[in-house]
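Visitor: Coordinates for the following, if possible.
(one chain, ligands or ions: 3)
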Amino acid sequence: MSKVVVMDHPLIQHKITKIRDKRTGAKEFRELVNEIAMLMTYEATRDLQLEEIEIETPVAKTKAMILTGKKLGIVPILRAGLGMVDGILELIPVAKVGHIGLYRDPETLLPVEYYCKLPNDISEREILLVDPMLATGGSAVAAINFLKEKGAKKIRFLCLIASKKGVETLSAACPDVDIYAGVVDEVLNDHAYILPGLGDAGDRLFGTK
Ligand SMILES: O=P(O)(O)OC[C@H]1O[C@H](OP(=O)(O)OP(=O)(O)O)[C@H](O)[C@@H]1O
Ligand SMILES: O=c1cc[nH]c(=O)[nH]1
Ligand SMILES: [Mg+2]
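Guide: Ligands and ions are numbered 1, 2, ... in the order given. As a prediction, the model looks like this:
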């Protein structure tokens with residue numbers, strides 16, 4: 001079963017309220033999405049492996065911990081996932097970034113793939129797959145299946161707003177993928193938009209509507 005972690009940190013909840021607010025313009029929206037992504041990364045990387053090494057401070061020798069194990073890869077689902085990448089790179093500057101382009105067909109609501117470029121060593125990296133919105137779950141499941149076909153083994157999915165249905169669909173289809181959500185909203189509307197949600201994340205990030 002997927003582990004589902006819903007963020008309860010007050011800073012994250014406060015910033016999510018701001019991105020929900022329709023009065024928040026694109027500049028502030030982009031800044032907040034990156035800040036929330038950074039804060040969520042702190043939680044989503046809590047179980048990364050450490051090893052002990054010996055170092056010298058200016059005054060003494062000591063044993064100290066550094067990260068070990070697999071390197072990380074960040075994979076945003078285009079377009080809206082792009083809004084989370086810089087915030088994550090602030091914390092993990094050595095991560096490589098792959099891109100998967102998907103859009104939801106407005107009629108069928110099914111994801112359509114239009115782009116993919118991933119690091120060559122994807123199978124050796126732990127992947128943070130990121131998209132602000134998990135609505136029906138179709139896009140996330142398609143992206144995860146795609147990453148697995150390309151060799152990815154350990155994948156965590158990070159989103160800012162999930163729907164209950166999206167979490168259920170994703171954890172049923174990909175029980176090996178842990179889900180980190182800023183908040184989980186109750187329902188989808190007739191066009192599969194999350195309610196109350198924040199509207200169309202891509203349009204709000206890039207000012208396209
Ligand atoms: O869970 P789902 O029902 O698949 O919906 C979620 C997807 O919809 C949005 O992308 P959109 O299709 O609007 O593309 P965009 O990022 O280019 O705006 C969102 O960023 C997710 O990728
Ligand atoms: O509410 C939603 C659902 C899908 N995609 C979005 O950007 N918002
Ligand atoms: Mg969109």
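Visitor: Is the closest residue to ligand 1 within the chain in a helix, a strand, or coil?
Guide: Nearest to ligand 1 in the chain, going by C-beta to the nearest ligand atom, is G202, at a distance of 2.3 Å. C-beta: built from backbone N, CA, C; applies to glycine. Assigned with DSSP: H, G, I helix; E, B strand; the rest coil, G202 falls in the helix class.
Visitor: Number of residues surrounding it?
Guide: G202 sits with 21 neighbouring residues when counted by other C-beta atoms under 10 Å.
Visitor: OK, contacts around it?
Guide: 79-80, 208 (C-beta atoms under 8 Å, 6 or more residues apart in numbering).
Visitor: any idea which of those has the most stuff around it?
Guide: Neighbour count (other C-beta under 10 Å) singles out A80 as the most crowded of these, with 25 neighbours.
Visitor: In this structure that residue contacts G199, no?
Guide: No: contact criterion C-beta atoms under 8 Å: A80 and G199 do not qualify, at 11.0 Å.
Visitor: Next, the contact list for the closest residue to V187 other than its chain neighbours, please.
Guide: Spatially, and ignoring its direct neighbours in sequence, V187 is nearest to L195 (5.0 Å; C-beta to C-beta, 6 or more residues apart in numbering). Contact partners of L195, counting by C-beta under 8 Å, 6+ apart, are 185-189.
Visitor: Got a quick PyMOL command for the buried subset of the residues you listed?
Guide: Buried residues among the contacts of L195 (16 or more other C-beta atoms under 10 Å), as a PyMOL selection:
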select buried, resi 185+188
